[in-house]
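Asks: how would this look folded up:
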Amino acid sequence: MNDKQQFDRIMSQLGQAMGIEELGLNEENGCTLRFDDQVINLQFEPDDCSFILFSDLGQVAQEKKESLYEQFLSANFYRKQMVNSSISYCEPTRSIVLILHQSTHGLDFVQFESILQSFIDLAEAWSKKIAETDLPRDAGNDTESQSLNPMTHPVQFV
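Replies: Numbering: from 1, shown residues only. Predicted coordinates:
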């Protein structure tokens, strides 16, 4: 079984877990999923047998940019906290985007489910952080940084 076939199988297993009989990739090898209020885009990359997860986290208010951008850069530096994801700025939409690029070589459903759950948790935490209305100027304290670590609750599909 090649990597694309294996990934199609993983997507089918994800569909079964979510109660969606025919979940799979579209003709461009992509899929969009919604978990509560978080939209997660998935793209299979056949050229290098990998997949990309990305999620729009929202736009940052002007008065929050300095504080949040500092947190984004710090989070990118400490990759473990980010579960190998990165936070980026998408200029066309002026949005902050969480992105993960992962090889599919040797990937099984349990590993994929864990990666997806961690990514969802991280996207939800950062989206919440970005949406907060009263962000203090020194928002980088340990308590707040810890709240951006992936949570451990099980995947809950919508």
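
Asks: C-alpha from now on. contacts and neighbour counts both.
Replies: Will do.

Asks: pLDDT weak spots in this protein?
Replies: Low-confidence regions of the chain, defined by pLDDT under 70, span residues 79-81, 133-158.

Asks: which residues of it fall in strands?
Replies: Ranges of strands within the chain are 30-35, 38-45, 50-58, 86-90, 95-103, based on DSSP state E.

Asks: Packed most tightly, which of those strands would that be?
Replies: Taking mean count of other C-alpha atoms under 10 Å as the contact definition, the stretch among these with the greatest mean neighbour count is strand 50-58, which reaches a mean of 21.

Asks: gap between that strand and the chain center?
Replies: In terms of C-alpha atoms, centre = their mean, to the nearest Å, the centre of strand 50-58 is found 5 Å from the chain centre.

Asks: Use 553 as the first number from now on
Replies: Yep, numbering from 553; the last one is strand 602-610 now.

Asks: and E580, how many residues sit next to it?
Replies: For E580, the count of nearby residues is 9 (other C-alpha atoms under 10 Å).

Asks: Dihedrals phi and psi, it?
Replies: Phi and psi for E580, reported as degrees, to the nearest 10, are phi -100, psi 10.

Asks: residues touching L652, list them.
Replies: 604-606, 636-638, 671 (C-alpha atoms under 8 Å, 6 or more residues apart in numbering).
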